[in-house]
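Trainee: Any chance you can model this:
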Amino acid sequence: KSEAAEAVNAATKLISDDQVKVIVGPAVTANVIAESQVATDNKVPVIGFAATNPDVTVENGQVKPFIFRSCFIDPQQGTVMAQFATQELKAKTAVLYIDSSSDYSKSLGKVFKETFEAAGGKVVMEEAFLAKDQDFKAALTKIKGANADVIFVPAYYEEVGKIVKQAREIGITATMLGTDGWDDPKVADIAGAAALNNTFFSTHYFAEDPGAKSFIDAFSKEYGHAPNVFAALGYDAGKLLVDALKRAGSDDPEAIRKALEETKDLQVATAKITMDPATHNPIKDAIIIQNVDGKYVFKGRIAPSK
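Mentor: Below you'll find the predicted structure:
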């Protein structure tokens, strides 16, 4: 269901009934945040693999000792895309179109706006939708009237595909920007390859990276299709856990927690990562991808800000 209350119930069952020593998942920010209290109370490590909000691992300036992640965080993505808009695309004006039901989307929109305007740009309009919406044309008509250089849509692929498709149908030709929620072949299936031209998004890895190739080949052989970014990040979380178990030499939760915190230069599917002990965030680059006629084209690799 991807509901916070269900995430808490599932974590409680896993810990109380099944006596698990560590939990990988769930996927998204709100559910990992909801789960984190029961996991922390029971001293069970959690590895979130697609939960990108900073609050997942840090609360009131203090790291949550048992909560980790295998993905980079929203400020990195929001900053990267705002920098790309101003520096590479020379954008002066932007529109934000966010999913107001998603902490992920709201967080990314906030960081993008701060970074974009600090660099001299201007966010001229902010519009919102809700997850599972189908018709976006009323808001997109307003957005078209703003005539901005770029439109930032930090959302997940199901809505993104429909938004891009409908934007092009009403004559919006502006560059559209996104984040890792765009990284799924279903976006092209929904939007159409031509509609996706002149769009860019940040993500965690590129299929042609040597470190990713063995994972992609193995996944494709096993399942008959290429992995999306959630599959790759889930694999990364599994690799983090296996590596931590080996170094811990034990399934004791405290030993696993300590080993996860000490992860250094571990090659996973998306990158080589080191865990920041102060935040429990992996230190890894962001990748910029351009959609060109239904294909992903590598545009750059941006290291996290120091």
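
Trainee: which parts of whichever helix in the chain runs longest are buried?
Mentor: What stands out as the longest helix in the chain, according to DSSP state H, is helix 229-248. For helix 229-248, the neighbour count (16 or more other C-beta atoms under 10 Å) marks 229-241, 243-245, 247-248 as buried. Glycine gets a C-beta too; all of them are placed from N, C-alpha and C.

Trainee: same deal with stretch 55-73?
Mentor: Those would be 55-58, 63-64, 66-73, for stretch 55-73 by 16+ other C-beta under 10 Å.

Trainee: try stretch 171-189
Mentor: 172, 174-184, 187-188.

Trainee: For that stretch, the averaged confidence score.
Mentor: Across stretch 171-189, pLDDT averages out at 95.

Trainee: what angle separates the helix or strand just after the longest helix of the chain from helix 229-248?
Mentor: Moving toward the C-terminus from helix 229-248, the next helix or strand (DSSP states H and E) is helix 253-261. Here helix 253-261 runs at an angle of 120 degrees relative to helix 229-248 (axes from the mean of the first three to the mean of the last three C-alpha atoms, to 10 degrees).

Trainee: Show me the contact partners of helix 253-261.
Mentor: 21-22, 43-45, 47, 65-66, 68, 240-241, 243-245, 247-250, 275, 277, 280 (C-beta atoms under 8 Å, 6 or more residues apart in numbering).

Trainee: measure the most centrally placed residue in the chain to residue 234 for me?
Mentor: The C-alpha lying nearest the average C-alpha coordinate of the chain belongs to residue 180 (C-alpha atoms, centre = their mean; 4.4 Å). To residue 234, residue 180 is 13 Å away according to C-beta to C-beta, to the nearest Å.

Trainee: and this protein, what are its domains?
Mentor: 4-72+211-283, 74-203 (automatic domain parsing).

Trainee: before we move on, back to that, could you pull up the residues touching the residue lying closest to the residue nearest to the centre of the chain once chain neighbours are set aside?
Mentor: Spatial nearest neighbour of residue 180, chain neighbours left out: residue 203 (4.7 Å); criterion: C-beta to C-beta, 6 or more residues apart in numbering. Residue 203 is in contact with 179-180, 182-183, 229, 286-287, 289, counting by C-beta under 8 Å, 6+ apart.

Trainee: just to revisit the earlier point, the residue nearest to the centre of the chain contacts residue 229, doesn't it?
Mentor: Yes. The pair residue 180 / residue 229 is scored as a contact, 5.4 Å apart, by C-beta atoms under 8 Å.

Trainee: joint contacts of those two?
Mentor: 50, 203-204.

Trainee: closest to residue 264 among the residues you listed?
Mentor: residue 204 (19.0 Å; C-beta to C-beta).

Trainee: For residue 123, which three-state class applies?
Mentor: Put simply, residue 123 is strand when judged by DSSP: H, G, I helix; E, B strand; the rest coil.

Trainee: Now do it: how many residues are near it, please.
Mentor: Residue 123 is flanked by 20 other residues according to other C-beta atoms under 10 Å.

Trainee: Can you list phi and psi of residue 295 for me?
Mentor: Dihedral pair for residue 295: phi -110, psi 150, per degrees, to the nearest 10.

Trainee: Quick check: phi and psi at the residue nearest to residue 180.
Mentor: Torsion angles, degrees, to the nearest 10, at residue 203: phi -150, psi -170.

Trainee: what sits opposite it in the beta ladder?
Mentor: residue 287 (DSSP bridges).

Trainee: any idea how far it is from residue 282?
Mentor: Separation of residue 203 from residue 282 (C-beta to C-beta) stands at 14 Å.

Trainee: likewise residue 158?
Mentor: Where residue 282 is concerned, residue 158 sits at a distance of 27 Å (C-beta to C-beta).

Trainee: So for the two, which residue has more residues nearby?
Mentor: Counted by other C-beta under 10 Å, residue 158 and residue 282 do not tie: residue 282 has more neighbours, with 25 against 17.

Trainee: ok, the more buried one touching residue 265?
Mentor: No. In this structure residue 282 lies outside contact range of residue 265 using C-beta under 8 Å: 11.2 Å.
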